[in-house]
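Undergrad: Please work out how this folds:
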Amino acid sequence: MRAAALLRLRELRRRGGLVLLAVASVAVFLVGLSAYGLASDIAVTLGYVAAVFLGTFPPAIDRERRRTHLALASPVSPWAWACGSALGVGAGAFLATFVLFAAAAGGAAAAGGVPTYEVYPLNERATIWLLTERKIGLPADARALRTHVRAFAAGAAQADAPGAVTLLVDGRERNVPTDQAVILPAAPPSIRIGNAGDTFVIGIAGDRTGALGAERPFLGNALFAGLAPALAAMGLAALGVAAGASLSAPVAALLAATLLLAASLKGFLLETWEHEGKVAAAVAEEEHDGHDHEHDHGHDHGPVADAPSSVRAAMRALLGILPDLAALDASDRVARGEWAGAGLRGRARLLDAARLAAAALLCAAALGGLGVRLRRTP
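TA: I've put the predicted structure just below:
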């Protein structure tokens, strides 16, 4: 197993992996000098794409070139050989992804970094309209409240939103911009926010509102946020090895790319289907109330109404097996200045990524070993 892992790492270096990584890191570093959020997005994209191709192509290419003597000459079992191969490629994908994240963090840190704080979210997703003065509780170490203000002219469409409005913050008027981050000074135990006039309808975005606590270092926060995506890249590479051991290179790469796409969109798809399901249920209930006389005549519309929900349930079950890659990447929180390097959510994200990598290695050992045994490919 160790020989297979070392062979894959040496193969990656022989094919110019270090040179490509150095070029990509420099490019990500330069982008990070002006935009950490964009640099981290580029880092995770390059890391995941590299994991897919590194995992799927080497085993398949080795088989197509009839380089089967390595596996045949090895004294280890096919499953140990496949696990070692997945471990080697996975380690390369992990290091490459983490180095790219480190380059993005280094570029942003060289440009001054992003002010980072402990953030206590409001845990409210909807917009909180300030029809009356609202009182928001604050933790003991809170220093300020960060939020996004939304406003539009009273009696007009939201397209007529002003560029700035006046808020009442603890009894004092403050002129604040709309649709961008606003930091309001605050002190425990609470802050009172209200509308200073009746010209505009004003609200605050609940999902973008949180109390700012103690200040934290940006660089350590950004580096910690890169660990979970790097572990996810390791898992993708291992699954790619499992596919490449039994399938041709194009088919294995297509399968791994489909897996990557579905796992990246998992949260979005589940939320969309849940929303559409609620809307469909509301519409069905309204139609049911308006057409009760049809049921009195013996019409049964049950199968027609149940079909879409059954499809959604089946797709939701399939997506439930896949990891949520978007949830593992906390770089968006880092770009907003939120401390993602500690707390229960930060540790839970890292543990989820570690479990994904471990499960992928076991899958590569089982399915990849079967491919090595049946098709005699390293």
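Undergrad: what residues are up against the residue most central in space within the chain?
TA: A centroid search over the chain (C-alpha atoms, centre = their mean) returns A326, at 1.5 Å, as the residue closest to the centre. By C-beta atoms under 8 Å, 6 or more residues apart in numbering, A326 lies in contact with S264, L265, K266, G267, F268. In short, each C-beta sits where N, CA and C put it, glycine included.
Undergrad: Narrow those residues to those in helices?
TA: S264, K266, G267, F268 (DSSP state H).
Undergrad: Please pick the buried ones from the contacts of A326.
TA: The neighbour count (16 or more other C-beta atoms under 10 Å) marks S264, L265, K266 as buried among those.
Undergrad: Any chance of a markdown table for the contacts of A326, columns pLDDT?
TA: Shown next, in a markdown table, are the contacts of A326 (pLDDT from 0 to 100):
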| residue | pLDDT |
| --- | --- |
| S264 | 77 |
| L265 | 77 |
| K266 | 75 |
| G267 | 71 |
| F268 | 72 |
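Undergrad: can I get those residues in CSV with distance to A105?
TA: Formatted as CSV, these follow (distance: C-beta to C-beta, whole Å):
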residue, distance to A105
S264, 22
L265, 26
K266, 26
G267, 24
F268, 26
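Undergrad: ok so, going back, which of the helices or strands spans the residue nearest to the centre of the chain?
TA: Per DSSP states H and E: A326 is located in helix 325-328.
Undergrad: now swap in A256 and tell me
TA: Residue-wise, A256 maps onto helix 249-264 under DSSP H and E.
Undergrad: Show me what counts as buried in that helix.
TA: Buried residues in helix 249-264 (16+ other C-beta under 10 Å): A249, A252, A253, L255, A256, A257, L259, L260, A262, A263, S264.
Undergrad: So what touches that helix?
TA: Contacts of helix 249-264 (C-beta under 8 Å, 6+ apart): 48-49, 52-53, 55-57, 60-61, 64, 236, 239-240, 243-244, 246-247, 319, 322-326.
Undergrad: quick one, longest strand in the chain?
TA: strand 144-153 (DSSP state E).
Undergrad: Contact partners for V89?
TA: R8, L12, L54, G55, P58, A237, A238, G240, V241.
Undergrad: Report pLDDT for it.
TA: With respect to pLDDT, V89 has a value of 87.
Undergrad: Same question for D306.
TA: With respect to pLDDT, D306 has a value of 46.
Undergrad: Which pair in the contacts of V89 has the greatest spatial separation?
TA: For those, the maximum inter-member distance is 14.4 Å, found between L12 and A238 (C-beta to C-beta).
Undergrad: More neighbours: those two, which one.
TA: Neighbours per residue, other C-beta atoms under 10 Å: of L12 and A238, the larger number sits with A238, 32 against 23.
Undergrad: That one and L54 touch, don't they?
TA: No. Contact criterion C-beta atoms under 8 Å: A238 and L54 do not qualify, at 10.4 Å.
Undergrad: And the strands in the stretch 151-300 of the chain, which stretches?
TA: 164-169, 172-177, 181-185, 190-195, 200-205, 210-216 (DSSP state E, counting those that start in this stretch).
Undergrad: just so I know, which of those strands lies nearest A358?
TA: The nearest among the strands of the stretch 151-300 of the chain, by C-beta to C-beta, is strand 210-216 at 29.4 Å.
Undergrad: angle of that closest one against strand 181-185?
TA: Going by axes from the mean of the first three to the mean of the last three C-alpha atoms, to 10 degrees, strand 210-216 is angled at 80 degrees with respect to strand 181-185.
Undergrad: From the contact counts, what lies against strand 210-216?
TA: Applying 3 or more C-beta pairs under 8 Å, 6 or more residues apart in numbering; DSSP states H and E, one finds that strand 210-216 contacts strand 116-121, strand 144-153.
Undergrad: possible to save the ones you listed as JSON lines with mean neighbour count, distance to G92 and mean pLDDT?
TA: Formatted as JSON lines, those follow (neighbours: other C-beta atoms under 10 Å; distance: least, C-beta to C-beta, whole Å; pLDDT from 0 to 100):
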{"stretch": "strand 116-121", "mean neighbour count": "19", "distance to G92": "30", "mean pLDDT": "85"}
{"stretch": "strand 144-153", "mean neighbour count": "21", "distance to G92": "39", "mean pLDDT": "86"}
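Undergrad: Same list (those strands) but as a markdown table, adding distance to A110.
TA: Shown next, in a markdown table, are the helices and strands packed on strand 210-216 (distance: least, C-beta to C-beta, whole Å):
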| stretch | distance to A110 |
| --- | --- |
| strand 116-121 | 16 |
| strand 144-153 | 25 |
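Undergrad: which one of these lies closest to A335?
TA: Across the helices and strands packed on strand 210-216, closest to A335 is strand 116-121 (C-beta to C-beta), at 10.1 Å.
Undergrad: In contact with the nearest residue to D332 once chain neighbours are set aside, which residues are there?
TA: Leaving aside its sequence neighbours, D332 sits nearest to G37 (C-beta to C-beta, 6 or more residues apart in numbering; 6.8 Å). G37 makes contact with S331, D332, A335 under the criterion C-beta under 8 Å, 6+ apart.
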